[in-house]
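*Asks:* Build me a structure from this.
(one chain, ligands or ions: 1)
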Amino acid sequence: MPLARLDISRLRNLTHVRFEPSPQVNIIVGENGSGKTSVLEAIYLLSFGRSFRSHKHKTYIQYEQPECVVFAQVEQGAQHLPVGIKRSRDGAVEVRIQGRAAQSAVELAECLPVQLINPDAFRLLEGSPKIRRQFVDWGVFHFDEQFINGWRGWQKALKQRNSLLRRGKISANLLAAFDQELIRLGEQVNHARKAYVAALTPHFEAVLQQLAPNLHVQLGFFQGWDAQRTLSEAIEHSYQRDIDVGYTNTGPQRADLRVKTPTGDALDTLSRGQQKLVVSALKIAQGQLLIERGRQLVFLIDDLPAELDANHRRKLCRLLESLASQIFITSVGPDSMDFTWSDTTDVRHFSMNEGELSLKRTGEFNE
Ligand SMILES: Nc1ncnc2c1ncn2[C@@H]1O[C@H](COP(=O)(O)OP(=O)(O)OP(=O)(O)O)[C@@H](O)[C@H]1O
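*Replies:* As a prediction, the model looks like this:
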């Protein structure tokens with residue numbers, strides 16, 4: 001499933017970048033502000049339909065341009081699948097897969113799963129539970145084909161219930177009718193998430209053991225309500241509170257992935273670099289799980305050296321190499337990319353200079 005070709009037009013300072021990446025390791029080196037992260041942003045846009053840097057599409061469309069376009073040939077077996085996205089300044093989004101308009105961003109995510117590790121990665125530990133739920137749900141989405149329909153139905157039922165609660169004057173019978181569907185789908189979502197976290201945990205532990213053997217970190221899953229109760233019981237229990245506050249207090253919308261060390265929350269006890277290692281381990285574990293199920297994914301590693309010492313950088317590279325996935329790594333200087341890749345790994349070095357990308361010959365950086 002690697003990207004065989006990538007065309008980026010009018011995205012930040014990339015007026016027109018066109019290149020053929022390696023199906024394995026791609027290293028993009030350039031000065032601050034040269035456009036390295038924008039290449040990763042373009043690939044991410046192709047998978048998620050949005051940027052990881054800004055929710056405002058106008059910020060990444062090149063100044064004074066009406067739109068940006070990212071187009072790729074995605075390898076699927078012996079075939080190439082053309083996939084493209086166009087984001088216009090007026091807000092329009094056009095996604096095309098194999099020449100036809102895609103129905104939703106879900107189709108994009110299905111044909112191009114992308115995993116990002118960047119300097120903001122520690123936000124997964126630091127940020128709100130929503131960020132961790134999104135992390136878990138991304139994994140479940142690729143792990144369990146039934147998940148997305150149940151999740152969408154549950155979200156719809158939850159929104160309807162909340163809107164009823166907000167308006168007040170609600171009859172118990174009407175609420176109960178909504179609750180049946182909410183509970184059925186909510187239990188489904190919860191079941192899928194729990195199964196996923198259970199499958200992810202041994203992968204996470206093994207990856208972390210390789211990356212940082214001295215770190216002892218445990219994963220736990222909070223389902224969003226008291227584990228001793230069914231969802232139906234929990235909703236019934238918080239009925240009056242829901243009416244008082246005007247929204248649904250309990251359920252899978254409160255779920256969280258708990259990351260703990262023996263002495264407390266990982267966030268409070270680990271250094272920044274250690275947090276980055278834990279998050280990298282979580283993301284690599286997600287990737288491993290996908291690969292184990294016969295899928296492929298693209299890893300985007302933005303600014304690899306940030307917060308990692310040479311020893312941990314090398315360990316991370318070794319792990320990434322062992323995944324046999326397509327990887328894009330950015331770095332400000334070749335010195336920090338001192339890892340020796342195996343002779344059998346296809347490594348392509350690119351240099352980024354003011355929005356212009358060029359392929360380097362092997363060893364050119366060291367000359
Ligand atoms: N909408 C835009 N249109 C044109 N240029 C933009 C736009 N937004 C940002 N830029 C410029 O595009 C470049 C984007 O660089 P990018 O963030 O990709 O750099 P980088 O090589 O990853 O840098 P660093 O090493 O500092 O992270 C910057 O020079 C920035 O000023």
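*Asks:* From here on, just use CA atoms for contacts and neighbour counts.
*Replies:* OK.
*Asks:* For the stretch 201-350 of the chain, which residues are neighbours of the ligand?
*Replies:* Residues of the stretch 201-350 of the chain lying close to the ligand by C-alpha under 6 Å from any ligand atom are residue 332.
*Asks:* List the neighbours of the helix or strand of the chain with the lowest mean pLDDT that are in contact with it.
*Replies:* Least confident helix or strand, the chain: helix 105-111 with a mean of 83, by mean pLDDT, DSSP states H and E. The contact list for helix 105-111, computed with C-alpha atoms under 8 Å, 6 or more residues apart in numbering, reads 1, 46-49, 95, 97, 102, 142.
*Asks:* Could you give the average pLDDT over the one helix or strand residue 260 maps to?
*Replies:* Using DSSP states H and E, residue 260 maps to strand 256-261. Strand 256-261 shows a mean pLDDT of 95.
*Asks:* again with stretch 147-155
*Replies:* Mean pLDDT, stretch 147-155: 95.
*Asks:* Need the contact partners of that stretch.
*Replies:* If you take C-alpha under 8 Å, 6+ apart as the criterion, stretch 147-155 is touched by 140-141, 181-182, 185-186, 188-189, 192.
*Asks:* distance between it and the chain's centre?
*Replies:* Put simply, stretch 147-155 sits 19 Å off its chain's centre (C-alpha atoms, centre = their mean, to the nearest Å).
*Asks:* Just the buried positions in it, please.
*Replies:* Across stretch 147-155, burial judged by 16 or more other C-alpha atoms under 10 Å covers 147-148, 150-151, 153-155.
*Asks:* Tell me the one among the residues you listed nearest to residue 353.
*Replies:* Of all the buried residues of stretch 147-155, residue 148 has the smallest distance to residue 353: 41.0 Å, by C-alpha to C-alpha.
*Asks:* Which helix or strand contains that closest one?
*Replies:* Assessed by DSSP H and E, residue 148 sits inside helix 147-167.
*Asks:* What's the first helix or strand after that helix?
*Replies:* Later in the chain than helix 147-167, the nearest helix or strand by DSSP H and E is helix 172-211.
*Asks:* and the helix or strand harbouring residue 115, does that touch the ligand?
*Replies:* Assessed by DSSP H and E, residue 115 sits inside strand 114-117. No - Strand 114-117 stays clear of the ligand (C-alpha under 6 Å from any ligand atom), getting no nearer than 13.3 Å.
*Asks:* what helices or strands is that strand leaning on?
*Replies:* helix 272-292, strand 298-301 (3 or more C-alpha pairs under 8 Å, 6 or more residues apart in numbering; DSSP states H and E).
*Asks:* so where is this structure shaky, pLDDT-wise?
*Replies:* Counting by pLDDT under 70, the chain has low-confidence residues at 335-336, 362-367.
*Asks:* Let's see the least confident helix or strand of the chain as CSV, backbone CA atoms only.
*Replies:* Extracted as CSV, the C-alpha positions of helix 105-111 are listed here (Å, rounded to 0.1, in the frame of the first residue of the first chain):
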residue,chain,number,x,y,z
ALA,A,105,-13.3,10.8,4.4
VAL,A,106,-13.7,7.2,5.7
GLU,A,107,-12.9,5.9,2.2
LEU,A,108,-9.6,7.8,2.2
ALA,A,109,-8.6,6.5,5.6
GLU,A,110,-9.4,3.0,4.5
CYS,A,111,-7.1,3.1,1.5
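*Asks:* Check what contacts stretch 135-145 and list those residues.
*Replies:* 110, 147-148, 192-193, 196-197, 257, 286, 290, 293.
*Asks:* Which of these are buried? Put it as a ChimeraX command.
*Replies:* A single ChimeraX command selects the buried members of the contacts of stretch 135-145 (16+ other C-alpha under 10 Å):
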select :147,148,192,193,196,197,257,286,290
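*Asks:* and the two most separated of the contacts of stretch 135-145?
*Replies:* Greatest spatial distance in these: 110 and 257, 23.5 Å, computed using C-alpha to C-alpha.
*Asks:* Which single residue of the stretch 251-367 of the chain ends up nearest the ligand?
*Replies:* residue 332 (5.6 Å; C-alpha to the nearest ligand atom).
*Asks:* sorry, back to before: the least confident helix or strand of the chain: which residues count as buried?
*Replies:* Across helix 105-111, burial judged by 16+ other C-alpha under 10 Å covers 108-109, 111.
*Asks:* Let me have these in TSV, extended by distance to the ligand.
*Replies:* Shown next, in TSV, are the buried residues of helix 105-111 (distance: C-alpha to the nearest ligand atom, whole Å):
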residue	distance to the ligand
108	23
109	22
111	25
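*Asks:* Redo those as TSV? Include distance to residue 352.
*Replies:* Shown next, in TSV, are the buried residues of helix 105-111 (distance: C-alpha to C-alpha, whole Å):
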residue	distance to residue 352
108	27
109	27
111	27
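*Asks:* With residue 287 as the reference, measure out to the residue sitting nearest the centre point of the chain.
*Replies:* Nearest residue to the geometric centre of the chain (C-alpha atoms, centre = their mean): residue 115, 4.8 Å. Distance of residue 115 to residue 287, given as C-alpha to C-alpha, to the nearest Å: 7 Å.
*Asks:* Which neighbours do those two have in common?
*Replies:* Taking C-alpha under 8 Å, 6+ apart as the contact rule, the neighbours common to residue 115 and residue 287 are residue 297.
*Asks:* show me the residues around the closest residue to the ligand within the stretch 101-250 of the chain that make contact.
*Replies:* Ranked by C-alpha to the nearest ligand atom, the top residue of the stretch 101-250 of the chain for proximity to the ligand is residue 119, at 9.5 Å. Neighbouring residues of residue 119 by C-alpha under 8 Å, 6+ apart: 276, 302-303, 306-307.
*Asks:* what does residue 84 give?
*Replies:* With contact set as C-alpha under 8 Å, 6+ apart, residue 84 has these partners: 46, 69-72, 95-97.
*Asks:* Please tell me which one of the residues you listed counts the most neighbours.
*Replies:* Comparing these on neighbour count, residue 46 comes out first with 27 neighbours (neighbours: other C-alpha atoms under 10 Å).
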